[in-house]
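# how does the following fold in three dimensions:
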Amino acid sequence: MSEFYSEKDVQREVTELQGKSATAARLFDIRRIIGGLFVVYGVIVTIAGFTASDADIDKAEGVNINLWTGLGMLALGLFFLVWLKLRPVAPPPPGLEPEGDERVE
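The predicted model follows:
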């Protein structure tokens with residue numbers, strides 16, 4: 001038995017798929033992954049910097065390297081997350097393929 005779909009049903013399905021595609025594109029944006037990892041590791045290294053002993057600081061010639069590295073990682077991670085928030089990526093319209101992916105058969 002064949003089923004017939006109205007144009008309204010097809011349009012609703014296309015709209016739902018476009019919404020899911022946009023959500024997936026935002027979820028797997030590389031800036032979110034890089035920013036999140038740098039923030040997590042930055043927090044860990046910063047905590048290690050706050051708990052550094054005098055012997056650890058003397059090894060680094062008087063510089064609390066864990067503290068400064070952790071703060072730098074936090075700043076970089078926050079930069080990526082702010083960048084993501086200010087300039088979200090929009091998925092390409094459906095049916096458009098990049099020019100470099102043309103197939104020759």
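
# low pLDDT regions in the chain?
Residue ranges of the chain with pLDDT under 70: 1-5, 9-10, 13-27, 90-105.

# ranges for the helices of the protein?
Using DSSP state H, the helices of the chain run over 7-27, 30-50, 54-59, 65-86.

# mind listing what's buried along the third one?
To tie it back to what came earlier, the one meant is helix 54-59. residue 57 (16 or more other Cβ atoms under 10 Å). C-beta here means a position set from N, CA and C on the backbone, and glycine is covered the same way.

# please save the CA atoms from that helix in CSV.
Output of helix 54-59 as CSV, limited to C-alpha atoms (Å, rounded to 0.1, in the frame of the first residue of the first chain):
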residue,chain,number,x,y,z
ASP,A,54,58.8,26.4,47.5
ALA,A,55,60.9,23.6,46.1
ASP,A,56,58.7,23.4,43.0
ILE,A,57,59.0,27.2,42.5
ASP,A,58,62.8,27.1,43.1
LYS,A,59,63.1,24.4,40.3
